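A.B. asks: take this sequence and fold it.
(chains A and B)
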Amino acid sequence: DAGITQSPRYKITETGRQVTLMCHQTWSHSYMFWYRQDLGHGLRLIYYSAAADITDKGEVPDGYVVSRSKTENFPLTLESATRSQTSVYFCASSERSDPYEQYFGPGTRLTVT
Amino acid sequence: AQTVTQSQPEMSVQEAETVTLSCTYDTSESDYYLFWYKQPPSRQMILVIRQEAYKQQNATENRFSVNFQKAAKSFSLKISDSQLGDAAMYFCAYQGAQKLVFGQGTRLTINP
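C.D. replies: Coordinates of the predicted model:
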């Protein structure tokens, strides 16, 4: 199906383990984003990418790594998961950096024990 | 840095009534966009309405309308004829030269 998908939808992992959250979009949008959602904070930007092989930090990048070898994929890796990274993670995409609508994926609920 | 503030953590309204959700923002930019997103229990983020700062006319989408006060940096959302399906978290968001900045959200409950 066309759109933006995230996998897995739910993940439980242990402290110190590496975890990768996947994001895939079928629109060939240039821009992709990763957000985390925590109670009382709304959504906060972790990393974003303007195009393949171009990434940049957002508001809360520490502890996360991203890559973008293909336009349609934007994986987010927690290299050594911590309990503070328990959150709901959203991927989004948009056509360009101007203030146009961002299309959000369904989210991944990550629990770090 | 830009900030977005939603001062109402929770709101409730009777079905078929009208409710207004508040949002204020802080910015020194002159060109920007403002958005209201709805997040139902499914967690999907759904764009409800958007407003371009250069437009004086308030945006309207069916039962949803905004009151955009640029000088006061205020951007409230009015929902008319509230329906049970409107129950959700609502997020106000700002986008200027930097990336999208969200408020903390308002949980809206619809009472039948």
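
A.B. asks: show me the shaky parts of chain A.
C.D. replies: By pLDDT under 70, the low-scoring segments of chain A are A:1-2, A:97-100.

A.B. asks: need the residue closest to the centroid of it.
C.D. replies: A:Trp34 (3.0 Å; Cα atoms, centre = their mean).

A.B. asks: so it is in contact with A:Val88, correct?
C.D. replies: No - contact status for A:Trp34 versus A:Val88: not in contact, 11.6 Å apart, counting by Cβ atoms under 8 Å. Where C-beta positions appear, they are placed from N, C-alpha and C, glycine not excepted.

A.B. asks: count the neighbours of B:Leu84 for me.
C.D. replies: In terms of burial, B:Leu84 registers 9 neighbours under the definition other Cβ atoms under 10 Å in any protein chain shown.

A.B. asks: wait, it touches B:Val13, no?
C.D. replies: No - at 10.9 Å, B:Leu84 does not count as touching B:Val13 under the criterion of Cβ under 8 Å.

A.B. asks: list the contacts for the closest residue to B:Ala53 other than its chain neighbours?
C.D. replies: Excluding the flanking residues, the one nearest B:Ala53 by Cβ to Cβ, 6 or more residues apart in numbering or on different chains is B:Tyr32, at 4.8 Å. Listed by Cβ atoms under 8 Å, 6 or more residues apart in numbering or on different chains, the contact set of B:Tyr32 reads A:Pro99, B:Ala53, B:Tyr94, B:Gln95, B:Gly96, B:Ala97.

A.B. asks: one more time with 7 Å, if that's ok
C.D. replies: B:Tyr32 makes contacts with A:Pro99, B:Ala53, B:Tyr94, B:Gln95, B:Gly96, as judged by Cβ atoms under 7 Å, 6 or more residues apart in numbering or on different chains.

A.B. asks: before we move on, what about A:Asp56?
C.D. replies: A:Tyr47, A:Tyr48.

A.B. asks: what average pLDDT does stretch B:23-32 get?
C.D. replies: Averaged across stretch B:23-32, pLDDT comes to 92.

A.B. asks: what's the end-to-end length of it?
C.D. replies: Between the start and the finish of stretch B:23-32 there is a gap of 15 Å, counting by Cα to Cα, to the nearest Å.

A.B. asks: just how off-centre is that stretch within its chain?
C.D. replies: 14 Å (Cα atoms, centre = their mean, to the nearest Å).

A.B. asks: quick one: buried residues of that stretch?
C.D. replies: Buried residues in stretch B:23-32, counting neighbours by 16 or more other Cβ atoms under 10 Å in any protein chain shown, are found at B:Cys23, B:Thr24, B:Tyr25, B:Thr27, B:Tyr32.

A.B. asks: B:Ser22 and B:Gln14, how far apart?
C.D. replies: B:Ser22 sits at a distance of 19 Å from B:Gln14 (criterion: Cβ to Cβ, to the nearest Å).

A.B. asks: do the helix or strand containing B:Leu47 and chain A meet?
C.D. replies: Per DSSP states H and E, B:Leu47 falls inside strand B:46-52. Yes - when contact is scored as Cβ under 7 Å from any Cβ of the partner chain, part of strand B:46-52 falls within range of chain A: B:Leu47.

A.B. asks: may I have the strands that pair with that strand, each with its orientation?
C.D. replies: Based on DSSP bridges, the strands next to strand B:46-52 in the sheet, each with its direction, are strand B:33-39 (antiparallel).
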